[in-house]
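Engineer: Take a look and give me a structure for this.
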Amino acid sequence: MPQFLNPKSVVQPSSNYAQGVLVAPGARRLILSGQVGVRPDGTLCEGLEAQTEQVFDNILALLKEAGMDVTNLVKIVTYCTRPQELAAVRRVRAHKLGNHTPASTFLIVPALANPDYLIEIEGEAVQEI
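Structural biologist: Residues are numbered from 1 along each chain as shown. All right, here's what the predicted structure looks like:
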């Protein structure tokens, strides 16, 4: 099982994430491409909160397909075009991840590959063999 680190010698996270994650050698590793708020039927969700919900649904579906669950997620990188709506992203993330706190980076970007995409999240998951 990965070890999630928040040492007292480093500033404590401002939301639900770990400052570092220690992964044992030989673990199965799943690299998640950037997920956007597009439903399985190809339609784009409307608004940042709905897109964020769909992004996490996509991530959870990928984890399930790999025989993993949310606790295997060790790192996410979030790209968002709407800094004023950060609270909505954090709410959805907390709802979808529960108490799980992977390492995390959050970037505000001017645009994503499609101008209608408001958020994209990539990640990495590991599972002990």
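Engineer: Pull out the buried residues from the helix ranked longest in the chain.
Structural biologist: In the chain, with assignment by DSSP state H, the single longest helix is helix 48-65. Neighbour counts over helix 48-65 (16 or more other C-beta atoms under 10 Å) mark 48-60, 62-63 as buried. For glycine as for every other residue, the C-beta is placed from the backbone atoms N, C-alpha and C.
Engineer: Out of those, flag the one nearest to Pro25.
Structural biologist: Relative to Pro25, the closest of these is Leu63; by C-beta to C-beta it sits at 21.4 Å.
Engineer: how close does the closest one sit to Val74?
Structural biologist: Distance, Leu63 to Val74, by C-beta to C-beta, to the nearest Å: 11 Å.
Engineer: With Gly42 instead?
Structural biologist: The spacing between Gly42 and Val74, counted by C-beta to C-beta, is 29 Å.
Engineer: Flag the shaky bits of the protein, pLDDT-wise.
Structural biologist: Along the chain, the model assigns pLDDT under 70 to no residue.
Engineer: Would you map the helices across the chain?
Structural biologist: Assigned by DSSP H, the chain shows helices spanning 48-65, 86-97.
Engineer: just checking, Asn6 touches Val21?
Structural biologist: No - counting by C-beta atoms under 8 Å, Asn6 does not reach Val21; the two are 10.4 Å apart.
Engineer: Pull the contacting residues for the spatially most central residue of the chain.
Structural biologist: Central residue of the chain (C-alpha atoms, centre = their mean): Ile76, 4.1 Å from the mean position. Contacts for Ile76 were tallied using C-beta atoms under 8 Å, 6 or more residues apart in numbering; they are Ile59, Pro102, Ala103, Ser104, Thr105, Ile121, Glu122, Gly123, Glu124.
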